[in-house]
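Chemist: My questions concern the predicted model and sequence given below.
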Amino acid sequence: MDVLEAFLKEANLNTYANDSVKKATSLRPSSNDYHFEKGDLIYHDTYFGATKFIGEEIVYKNGKPAWGMNYYGFTLNNEISESLFDAILRPALMSGSGDNIPVRGPKEFINGEWKYTFKTDGDLANFTGLEEISKKGEVVCRLYCHGGFIE
């Protein structure tokens with residue numbers, strides 16, 4: 001599990017959260033894809049949409065699916081554009097997961113009037129999570145996720 005945790009932390013910093021990283025070639029029509037490899041591990045994140053989006057992350061070990069996460073996120077405020085959403089979310093994700101499981105961001109991250117929170121239940125083997133972004137105490141974005149080992 002320690003190897004997977006370290007790999008996910010590194011993959012998270014080298015994919016979507018890092019705005020200087022280029023997307024990988026889309027594997028499906030209209031998908032957004034990110035890809036990271038190290039040793040015998042491969043990470044692939046693919047999602048569809050922008051302010052209402054759905055996706056999955058898969059980690060392959062020796063070419064076989066070993067771990068995965070599905071997620072669905074959405075804005076609750078139509079004034080939140082894709083670029084504003086990215087500008088709020090990416091710094092939270094780049095700040096690391098802290099003592100949280102390394103599948104999104106830390107338990108809490110504050111940036112000016114914006115507050116990011118991520119609550120999880122379980123561990124990397126089997127978990128659910130809820131991510132929220134608030135502005136002045138009002139939740140404006142929400143994401144649900146779940147995942148675990150694949151056998």
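Modeler: In hand now; what should we look at?
Chemist: which stretches of this structure form helices?
Modeler: 2-13, 82-94 (DSSP state H).
Chemist: Reformat those as JSON lines; add mean neighbour count, mean pLDDT and distance to His44.
Modeler: Using the backbone N, CA and C atoms, a C-beta is placed for each residue, glycine as well. Converted to JSON lines, those look like this (neighbours: other Cβ atoms under 10 Å; pLDDT from 0 to 100; distance: least, Cβ to Cβ, whole Å):
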{"stretch": "helix 2-13", "mean neighbour count": "16", "mean pLDDT": "95", "distance to His44": "9"}
{"stretch": "helix 82-94", "mean neighbour count": "16", "mean pLDDT": "92", "distance to His44": "17"}
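Chemist: Save the ones you listed as JSON lines, and put in distance to Tyr72 too.
Modeler: Below are these laid out as JSON lines (distance: least, Cβ to Cβ, whole Å):
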{"stretch": "helix 2-13", "distance to Tyr72": "18"}
{"stretch": "helix 82-94", "distance to Tyr72": "14"}
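Chemist: Of those, give the one that comes closest to Asn32.
Modeler: Asn32 sits nearest to helix 82-94 of all those, at 10.8 Å, using Cβ to Cβ.
Chemist: Output that closest one in CSV with nothing but the alpha carbons.
Modeler: Once non-C-alpha atoms are left out, helix 82-94 reads as follows in CSV (Å, rounded to 0.1, in the frame of the first residue of the first chain):
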residue,chain,number,x,y,z
GLU,A,82,-14.4,26.0,-16.3
SER,A,83,-11.4,28.3,-16.0
LEU,A,84,-12.4,29.6,-12.6
PHE,A,85,-13.1,26.1,-11.4
ASP,A,86,-9.6,25.0,-12.5
ALA,A,87,-8.0,28.1,-10.9
ILE,A,88,-9.7,27.2,-7.6
LEU,A,89,-9.3,23.4,-7.6
ARG,A,90,-5.8,22.9,-9.0
PRO,A,91,-3.9,24.7,-6.1
ALA,A,92,-5.8,22.6,-3.6
LEU,A,93,-4.9,19.4,-5.4
MET,A,94,-1.3,20.5,-5.9
